[in-house]
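**Q** sequence plus the predicted model coming up.
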Amino acid sequence: MTASTKTDPLFEKMIARIAPEAAATFTPYQLEALKLAIHQLKWKSHTVDIRLSIPFPERGFYLVFLAGSEKRSRQRIRAGQLRQPRLLAGVMAGLLLLGTAAFFGTSSRSQTTLRSQKSSEVHPTIVPWIQTETDCHQSGREWQDNHCWDGEWSHLF
C-alpha cells in the first residue's frame, strides 16, 4: 500500500475486510482507484438517527428510525414510488397491530394489577436480560430451566 492509503482510516477499515491474500495482489494504482471510489460514496447523515436493540427471550429485534432532508435523485425517488403504497400500507398495518397489542396488553395488565393490589404476595419472575448462568448467580438470582429467575419480585416494587 502507498503512504497516502495507510493514513486513511476509512480506507484501512474497508481494505481490512478483504482477504489478506487478495489485498496483497493490489497494485498501487488499484489501491488509489479503490480509495477514490470509496470516498466518492456519499455517506449520508440523518437529522434523526435512532437505533434500538429490543431484547426478547431467545431472540431480539433491531429497530431503526431515520429521518432527514431528501437527498436522493429524482430518478431514484420515482423508482421508489412504485413500492411506496405497499410499504405505507405495511407500515400502517404494523402500527395498527402494535397499537392493538399494546392496548390489550395494557388493559389486561391493569386488570391483573387491580386484582393483585389487594395482595402483597411475592412472585418469581424471569429476568430476560440475563442470558448466562454465571451472570444470573452473580446477580443473586437463581438459574433454572435455562432462565434466570428473580424469586423476590413484587408488583408493589
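**A** Sure thing, it's come through.
**Q** so what pairs up with residue 49 in the strands?
**A** Applying DSSP bridges to residue 49 gives these bridge partners: residue 66.
**Q** what about it, distance to residue 41?
**A** Between residue 49 and residue 41 the distance, using Cβ to Cβ, to the nearest Å, works out to 18 Å. Heads up, the C-betas are built off the backbone N, CA and C, glycines and all.
**Q** neighbour count for these two, which is higher?
**A** Applying other Cβ atoms under 10 Å to residue 49 and residue 41 shows that residue 49 carries more neighbours, namely 12 against 9.
**Q** residue 67 versus the more buried one, what's the distance?
**A** Counting by Cβ to Cβ - residue 49 and residue 67 are separated by 8 Å.
**Q** before we move on, what about residue 89?
**A** In terms of Cβ to Cβ, residue 89 sits 20 Å off from residue 67.
**Q** please apply the same query to residue 98.
**A** According to Cβ to Cβ, residue 98 stands 19 Å off from residue 67.
**Q** how far out from the middle of the chain is stretch 92-104?
**A** 20 Å (Cα atoms, centre = their mean, to the nearest Å).
**Q** what about the residue positioned nearest the centre of the chain, distance to residue 55?
**A** For the chain, the residue sitting closest to the mean C-alpha position, by Cα atoms, centre = their mean, is residue 62 at 2.6 Å. From residue 62 across to residue 55, the span is 11 Å (Cβ to Cβ).
**Q** do the same with residue 79
**A** 36 Å.
**Q** repeat that for residue 151.
**A** 21 Å.
**Q** which residues of this protein fall in helices?
**A** Ranges of helices within the chain are 3-6, 9-15, 20-23, 28-40, 74-81, 84-116, 133-138, based on DSSP state H.
**Q** what's the third one packed up against?
**A** Contacts of helix 20-23 with other secondary structure elements, assessed using 3 or more Cβ pairs under 8 Å, 6 or more residues apart in numbering; DSSP states H and E, are absent: no helix or strand is involved.
**Q** let's see that helix as PDB, backbone CA atoms only.
**A** The C-alpha atoms that make up helix 20-23 are tabulated as PDB, following Å, rounded to 0.1, in the frame of the first residue of the first chain:
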ATOM      1  CA  PRO A  20      -5.200 -10.600   3.100                       C
ATOM      2  CA  GLU A  21      -4.100 -12.800   0.200                       C
ATOM      3  CA  ALA A  22      -6.400 -10.800  -2.200                       C
ATOM      4  CA  ALA A  23      -5.400  -7.500  -0.700                       C
END
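**Q** I am finished for the moment; much appreciated.
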